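Asks: got a sequence here, can you model it:
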Amino acid sequence: MKLLKLAPVALLATSVLAGPAMAEETAVPKQTINEALKAKLPEEIRKAGSMISVNNGSFPPYEIVTGTTEMTGASADLTNALGELLGVEIKHATVSGLSALLSGINSGRYQFAFGPVGDFASREEANDFVDYVQEYVVFAVHKGNPKGITSLDAACGNRIAVMAAGSAEKVIKAQAEKCVKDGKPAIEVQSFTDQPSSILAVRSKRSDAFFSSQAPLTYFVQQTNGQLELAATGEKNGFDNLYQGAVVPKGSPLGEVLRDGLKVLMDNGTYAIIMKKWGLEKNMIKEPGINLAGQSAK
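Replies: Residues are numbered from 1 along each chain as shown. Predicted coordinates for the structure are as follows:
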């Protein structure tokens, strides 16, 4: 297995997001403060009147980072609505990579990450996940899929881009070992710190495919003017039920507040309005939950 870790190319990465937005012009209902939920916030957040949601770069159409502390996307709309509901301002900060995001939360520098971040039973040992979407993992390949990447087994012998420290990286590394064990050509695993750099590697033919969540890949593919397409859709691709959500420190009372706040947004229709605005209807779930991955694994 060949393994490369590649740094983002900031200028080029920005150009990937410069295409037309996939969001429809939809008004998001303004929320009324829920005093009962606000009272359940940790005291330090109530006193500050704000909290910081950290991200590790653009993850369209959920998180589209437009500045050091600014972003748009479905997650921005949802956190704006949650902030109105809880009566606090939710600010945003960006770090490089998932490892930095998780360490920033667990050190107390940031209160949470709204994400969504993949929820896995192993990750639940150190953090709690407030799940609000379900996801699928596929490949983004060049038009016509010239390398014939239709499944994990078909990825053998190809250069596959992934997000560093993410769940897809773990799966593709395991597949790389399987390829060699089965006597097939090795996978060259190329790890990037953000989504735009990964998709750029495919567009520039430095990678044969990008293995990642279907929602952001759909967004990116739509902006390539037919240069790329999705592959291996409808396959498990190494994952079972894949839930994604916000991340908080283990045992933090903020987890239950976010869950209950999201349930209010689901019940009053705001969640559906935002998800449909950003083309995420297929990723909606009926109600939020804490550590759904661990529950489904039991």
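Asks: drop to CA atoms for contacts and neighbour counts, all remaining ones
Replies: Noted.
Asks: correct me if wrong: residue 127 contacts residue 254.
Replies: No - contact criterion CA atoms under 8 Å: residue 127 and residue 254 do not qualify, at 11.8 Å.
Asks: how much space separates residue 155 from residue 141?
Replies: Applying CA to CA, to the nearest Å, the value for residue 155 to residue 141 is 11 Å.
Asks: of those two, who's got more company?
Replies: Neighbours were counted for residue 155 and for residue 141 using other CA atoms under 10 Å; residue 141 has more, 29 against 25.
Asks: helix, strand or coil for the more buried one?
Replies: Under DSSP: H, G, I helix; E, B strand; the rest coil, residue 141 falls in the strand class.
Asks: returning to what we had before: okay, and the common contacts of residue 127 and residue 254?
Replies: Taking CA atoms under 8 Å, 6 or more residues apart in numbering as the criterion, residue 127 and residue 254 both touch residue 248.
Asks: buried sites along stretch 99-114?
Replies: Buried residues in stretch 99-114, counted by 16 or more other CA atoms under 10 Å: 101-102, 104-106, 110-114.
Asks: again with stretch 230-238
Replies: Buried residues in stretch 230-238 (16+ other CA under 10 Å): 230-232, 237.
Asks: that one: end-to-end distance?
Replies: Note: stretch 230-238 ends 17 Å apart using CA to CA.
Asks: so how far is it from its chain's centroid?
Replies: How far stretch 230-238 lies from its chain's middle: 17 Å, per CA atoms, centre = their mean, to the nearest Å.
Asks: outside of that stretch itself, list whatever touches it.
Replies: Contacting residues not belonging to stretch 230-238 are listed as 136-141, 145, 149-152, 171, 217-218, 221 [CA under 8 Å, 6+ apart].
Asks: tell me which of those residues fall in helices.
Replies: Those of the contacts of stretch 230-238 mapping onto helices are 171, 217-218, 221, per DSSP state H.
Asks: okay, now residue 294: neighbour count?
Replies: Counted with other CA under 10 Å, residue 294 comes out at 16.
Asks: three-state assignment of it?
Replies: Under three-state DSSP, residue 294 falls in the helix class.
Asks: could you check how far it is from residue 167?
Replies: Residue 294 sits 15 Å away from residue 167, going by CA to CA.
Asks: swap in residue 249?
Replies: Residue 249 sits at a distance of 19 Å from residue 167 (criterion: CA to CA).
Asks: now render the buried residues of stretch 99-114 as CSV, adding pLDDT, secondary structure and distance to residue 260.
Replies: Converted to CSV, the buried residues of stretch 99-114 look like this (pLDDT from 0 to 100; DSSP: H, G, I helix; E, B strand; the rest coil; distance: CA to CA, whole Å):
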residue, pLDDT, secondary structure, distance to residue 260
101, 96, helix, 23
102, 96, helix, 23
104, 97, helix, 24
105, 98, helix, 20
106, 96, helix, 22
110, 98, coil, 20
111, 98, coil, 17
112, 98, strand, 15
113, 98, strand, 16
114, 98, strand, 14
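Asks: can you name the two of these that sit furthest apart?
Replies: Greatest spatial distance among these (CA to CA): 106 and 114, at 14.3 Å.
Asks: helix/strand/coil for the residue located most distally from the centre of the chain?
Replies: Residue farthest from the centre of the chain, counting by CA atoms, centre = their mean, is residue 183 at 33.7 Å. Assigned state for residue 183: coil (three-state reduction, three-state DSSP).
Asks: return the helix or strand in this protein with minimum mean pLDDT.
Replies: helix 10-16 (a mean of 42; mean pLDDT, DSSP states H and E).
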